[in-house]
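Novice: This is a predicted model, with the sequence first.
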Amino acid sequence: AHIVILFGKRMKINLVPFSCDPGAQPHKRRRTSEPIEIEDRLESLICRVGEKSTSSLESNLEGLAGVLEADLPNYKNKILRILCAVARLLPEKLTVYTTLVGLLNARNYNFGGEFVEAMIRQLKETLKSNLYSEAVYLVRFLSDLVNCHVIAAPSMVAMFENFVSVTQEEDIPQVRSDWYVYAVLSCLPWVGKELYEKKDVEMDRLLNQIDGYLKRRQKIHVPMLQVWSAEKPHPQEEYLDCLWAQVQKLKKDRWQERHILRPYIAFDSVLCEALQHNLPPFTPPAHSDDAVYPMPHVVFRMFDYTDAPEGPVMPGSHSVERFVIEENLHCIIKSHWRERKTCAAQLLSYPGKNKIPLNYHIVEVIFGELFQLPSPPHIEVMYTALLIELCKLQPGSLPQVLAQATEMMYMRLDTMNTTCVDRFVSWFAHHLSNFQFRWSWDDWADCLTVDNEKPKPKFVKEVLEKCMRLSYHQRIVDIVPPSFSALIPAEPMFQYKYEDESNTSLPGFATAVTVTNAIKNRASNEEILAVLKEIPNPNQDDDDDEGDGFNPLKIDVFLQTLLHLAAKSFSHSFSALAKFHEVLKTLTESDEGKLHILKVVYEAWRKHPQMIAVLVDKMIRTQIVDCAAVANWIFSSDMAHDFTRLYMWEILHSTIRKMNKHVQKIQKELEEAKDKLEKQQHKKDSGDEEDMEKNSDDEDGQLEEQIERLQEKVESAQSEQKNLFLVIFQRFIMLLTEHLVRCETGSVDINTSWYKNCIERLQQIFLMHHVIIQQYMGTLENLLFTAELDHHILAVYQQFCALQL
Amino acid sequence: MSIKLNALFSDSYIDISQYRDQHFKGNRYEQEKLLKQSCTLYVGNLSFYTTEEQVYELFSKCGDVKRIIIGLDKVKKTACGFCFVEYYTRADAEHAMRFVNGTRLDDRIIRTDWDAGFKEGRQYGRGKSGGQVRDEYRQDYDPARGGYGKLAQLQRTPEAPHKF
C-alpha cells in the first residue's frame, strides 16, 4: 500500500498488483527520498490507478487527484508528461484517466488548460511521425474530456469538422481521408451523446458528409484482406463500413451506450462546476509524400450470440458495444504482448466482463489478429503462447471455446484465404504439441471422403506434417485413427539413388562408390574434383571442353553420395556442405548447375521437406545457389506435384526474406559509411587544428572509395532483388494464364482447388512483401501487369495497388 | 516526445537470470555484458531423445536459426538433455525467451536462458558421470533423462560382490 501524507491528511491508496509474474525482477527499494524517487512514485501511482484494488476506483481516483494537486507546484511538468503518455499508451484505460484529468481541472483550471495544450502538441507530433493508431487514442481522449467538462463540446465539434473536411482535399491517397473519418467515428461511442445534446445540427451535417464520403470511396482492396471469401455466416466487412453501421445504430438508439465504464459519472456534481476549455483550432497537417497512413483492414468476425448459448449475450456485429470491446481487447494485447502471463491476466480481468461472454471475445480478437492481412500486428508465436496462458488461467472454460473455434474454422476451410490457412495450420500443430496432441480426429472424418487436394484433407495433412516435425513419425501414427493413414506424412528418410546392388547399371554408380570411399578417407576438394572428372556428361555428345561445363551427372553422383553420408542430422549435412564448399561451387557455377543441385537435393530428401528447407537456406547463405535459382526451381514443372504444399511456400518466402535482409544490410553499411564521411568532413570544416594534423585527406579518400564500392554493391543487390520478384511474378502469370486458357477452351470452371491456391499464393507474395514491392511498382506495371493480362490476374495487382491509394 | 513509462511496459521475460557460468573466462561484468547482447540461448530440460530437427522446428518460429548445438554426455557422446540455439539477431532470440521459454517441446516444459556464446567444450555435460550436473543428484525417476539420477542409481543397485 502507498501511504502518502498530504497536508496532514493521511491518504491510503491500496494497490494490489495481481499478476505474479515469476519472470519479473523484484522491485528494488531505494533508500533515500529524492526528487527522482518521487517522480518514479508519481509515475507508478498514475500508471497503476484503475487496477485491482481493495478500495473503489472512485476513492482511488479522488485520492490520486488530491496527491497530484498537491504535487503540482513542484512536479507539474512531470505530471503533464506522464498524463500525456498514458493517454497515448494506455487507451484501454481511457475513461479512468479522463476522469482523473477532469478532477484535476476542477481543482486547478490552469493545469487543465496546460494539459489540453500539451495534448494538442503531442497530437501534432504523432501525426508527423506516422503514429496513426496512437493519434486516434489521443483524439479519443480529447473527446472523452468533453464528458469530463474539461473541453467545451462546440470546440470538439469544430475539430471534427476540420477532420472531415480532409475528405474534400484533392489528389490525396484515400487512406489519408479514411484515417480522419475513422478518427471522428471512433470517438462517437464515447462522446456522441454529449455532442448531439449540444450541437445536433452540426453533428448531423458532419455525419451526412461522412455518409457521402463512404458512399463514394472505392473498396477494390477488400477481397484481398478478407479471411473468408464467403458472406455467410459472418460477412467480413471493411472496417469503415462496419464502424459506420455501428454508429448509425447507436444514433438510432439515441446515443444510449451502456458498455463503456465511465467513472466520471460518479463525480458529476464536482465536474459540472468546473470551467471548460476550448480546443484551439486544429488544422490537420498537410499531406506529404513520406506520410505512411494505416492500411485498410477488414473486421474479423467468427462468433455471434448463437455461438455462446449460455451466460451473457454477445453484442451484435453492428452494436457499438462490440466495437468498444474489440478496441479495448486489441489495446490490451498491444500494451502487454511481451509478457504473456500479464497479457492473459489483463484480458481476463476486462472491466464489465460479467455482462459479456468474455472468453468468446478474447478468442475472436486473438484469431482476428493472427489472421490479419497483410500481416499480424505481432509475431505469430506470441498468439500461440498467449492462448496457452489463457487456457492455464481458465482451464474450465477457455479450452472449450478454443476447441469450438477450431471446429468452426475447420468447417469453413473451403472459403478461407490460403495465407490464413497457413497460419491456422502452424498455430494448431504448435498448440497441439503443448497438449500431447490430443484431438478428436474422428470428428473430422468427413475430410477422408473427398479428394486429398480439397481444403479439409489438405489442412489435416499439413497439420500432421507440422506435428511430426515437432515430434516424430511413429507418434503421428499413434495419435490419429487408422482411417486417417492416407493423410499421415511420409517417414522422413533419405532416398539414396545409388543404394543397392540393383542399381549398378545406373550411370555414375561406380563413381558414387569411389566418391563414398574418398570422402570416408578424408579426401580434399581437389581430390574429389579429380574423381568427378571421370564422369561423362550426358548432355554432350563429345567432350569438346575440359568437362568443366554443366554436368548434371557429376552433381547427381557427388551430392547424392555426400548427403547420404551426412544424412544423420542437420548438423552433419551442414558440415558436409561446408567441407566440400569448393566442389559444390565449381559444380554450380552456371544457372543450370544451380537449378540442378536443387533438383538433386529434392530427389534425395523428398520425404523430409524440413531437411530440404534447411539445406536450401544453407546453400543460399553460402552462395552455392542464388535466390533466383530457388524461385525457378519452385516453379519448375518437376515440382508441379508439390506446388500446393506448404513447405514450398515457406522456402520461397524465406528466400525472399533473405534477399530483402541482404539488401537492407548493404544499404545500412552504405548509410553508416556516408555518415562517417559527413562527420569527418564536419570536423575538417570546424577547423580543429588537432584533427587536421591527422591524415584526414587519406581517410576521406579511403572512405569515398568505400562508399563508391558500397553504392555499387547496393545497386547490384537491388537489381538482384528486383529480378527475383520479376521472375516470381512472371512464373505466376505464365502458370495462371495457362490454366485460365485451358479452362476457357475446354469450357471448364476455372475455380479448381489448384487455382484458388495458386491465385492466393500470388496475393500472398504481394501482401507479405508489400513494402519492398512498392519500390518496383513502375517496372511491374510496365513489364508484367499490363492491360493485356487476363482480368483475373490483373485484379490481384489492382487490389494490391488499392491498398495504399 | 513524451516519456517511456518504465512502470508500465516491462519486458521481464528477456531479463538475464541469476545463473553465471563458472567456467566463463572473464569477470562477472564481462559475462553480464555478453549475456545482455547475446543471440545464443541455453535450452534445458530436454528429453535425451529430443532431436536437432525438433529444436529447429520450434525455435524457427521466432526467427531464422543460425545453428544448434546439442549437448552431449562427455563420456558417451550421446545427447544428455540440453542444447544451444543461436539466432542471427538478438531480437529473434528475445522472442524465444518471451514465447518458447516455459512451453513444451517433446511433451516437456523446456527452459531457455541467455548464454554468453558457444565455445568449444561447452557442449559437454559437467556432471561427474558425464551428463549434466542436475542429473547427478536428482532423486526422481525420469524415463526421458536416463531414469534415476546417477547418485540415486548407484544407491539403488547394490555393488556386485568382489571376486577373490
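Specialist: The structure has been received and is ready for your questions.

Novice: For the rest of this, base every contact and every neighbour count on C-alpha atoms.
Specialist: Will do.

Novice: For the stretch 201-350 of chain A, just list every one of the helices.
Specialist: Assigned by DSSP state H, counting those that start in this stretch, the stretch 201-350 of chain A shows helices spanning A:222-225, A:239-252, A:268-271, A:320-336, A:340-348.

Novice: what is the orientation angle of the helix or strand that the last one is followed by with helix A:320-336?
Specialist: Which is helix A:340-348. Along the chain past helix A:340-348, the next helix or strand (assigned with DSSP states H and E) turns out to be helix A:358-370. For the pair helix A:358-370 and helix A:320-336, the angle between their directions (axes from the mean of the first three to the mean of the last three C-alpha atoms, to 10 degrees) equals 60 degrees.

Novice: circling back to that earlier point, how about JSON lines for the helices of the stretch 201-350 of chain A, with distance to chain B and mean neighbour count added?
Specialist: Supplementary listing: the helices of the stretch 201-350 of chain A in JSON lines, determined by distance: least, C-alpha to the nearest C-alpha, whole Å; neighbours: other C-alpha atoms under 10 Å in any protein chain shown:
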{"stretch": "helix A:222-225", "distance to chain B": "24", "mean neighbour count": "22"}
{"stretch": "helix A:239-252", "distance to chain B": "29", "mean neighbour count": "18"}
{"stretch": "helix A:268-271", "distance to chain B": "27", "mean neighbour count": "16"}
{"stretch": "helix A:320-336", "distance to chain B": "7", "mean neighbour count": "20"}
{"stretch": "helix A:340-348", "distance to chain B": "8", "mean neighbour count": "22"}
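
Novice: Reformat the ones you listed as JSON lines; add distance to residue A:682 and mean pLDDT.
Specialist: Formatted as JSON lines, the helices of the stretch 201-350 of chain A follow (distance: least, C-alpha to C-alpha, whole Å; pLDDT from 0 to 100):
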{"stretch": "helix A:222-225", "distance to residue A:682": "49", "mean pLDDT": "94"}
{"stretch": "helix A:239-252", "distance to residue A:682": "50", "mean pLDDT": "97"}
{"stretch": "helix A:268-271", "distance to residue A:682": "57", "mean pLDDT": "96"}
{"stretch": "helix A:320-336", "distance to residue A:682": "42", "mean pLDDT": "95"}
{"stretch": "helix A:340-348", "distance to residue A:682": "48", "mean pLDDT": "96"}
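
Novice: so which of those helices gets nearest residue A:445?
Specialist: Go through the helices of the stretch 201-350 of chain A one by one with C-alpha to C-alpha and the one that ends up closest to residue A:445 is helix A:222-225, at 30.6 Å.

Novice: pLDDT value on the nearest residue to residue A:98 once chain neighbours are set aside, please?
Specialist: Among residues not flanking residue A:98 along the chain, residue A:145 sits closest, at 5.7 Å (C-alpha to C-alpha, 6 or more residues apart in numbering or on different chains). What the model reports as pLDDT for residue A:145 is 98.

Novice: before we move on, the earlier item: out of the helices of the stretch 201-350 of chain A, which gets nearest to residue A:422?
Specialist: helix A:222-225 (15.0 Å).

Novice: related to what we said a few turns ago, hang on, isn't the residue nearest to residue A:98 packed against residue A:151?
Specialist: Yes - in this structure, residue A:145 sits in contact with residue A:151. The criterion is C-alpha atoms under 8 Å, and the distance is 5.7 Å.

Novice: higher neighbour count, these two?
Specialist: residue A:145 (29 against 23; other C-alpha atoms under 10 Å in any protein chain shown).

Novice: I'd like to know how far the residue nearest to residue A:98 sits from chain B.
Specialist: Residue A:145 sits 20 Å away from chain B when distances are taken as C-alpha to the nearest C-alpha, to the nearest Å.

Novice: Distance check, that residue against residue A:277.
Specialist: Residue A:145 sits at a distance of 10 Å from residue A:277 (criterion: C-alpha to C-alpha, to the nearest Å).

Novice: what is in contact with these two at once?
Specialist: Shared contacts of residue A:145 and residue A:277, defined by C-alpha atoms under 8 Å, 6 or more residues apart in numbering or on different chains, are found at residue A:151.

Novice: ok, and residue 82, which helix or strand is that part of?
Specialist: Reading this off chain A. When secondary structure is defined using DSSP H and E, the element that contains residue A:82 is helix A:57-89.

Novice: The intended chain is chain B.
Specialist: If you go by DSSP H and E, residue B:82 is part of strand B:79-87.

Novice: what lines up beside that strand in the sheet?
Specialist: Strand partners for strand B:79-87, identified by DSSP bridges, are recorded as strand B:40-44 (antiparallel), strand B:65-72 (antiparallel).

Novice: Please work out which of those is packed deepest.
Specialist: Ranked by mean neighbour count under mean count of other C-alpha atoms under 10 Å in any protein chain shown, these are led by strand B:40-44, which reaches a mean of 22.

Novice: What average pLDDT does that one get?
Specialist: Strand B:40-44 shows a mean pLDDT of 98.

Novice: Report the backbone C-alpha coordinates of that strand in CSV.
Specialist: What follows is strand B:40-44, C-alpha atoms only, in CSV (Å, rounded to 0.1, in the frame of the first residue of the first chain):
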residue,chain,number,x,y,z
THR,B,40,22.6,-17.5,-28.1
LEU,B,41,20.2,-19.3,-25.8
TYR,B,42,20.8,-22.3,-23.5
VAL,B,43,17.9,-24.7,-23.6
GLY,B,44,17.4,-27.1,-20.7
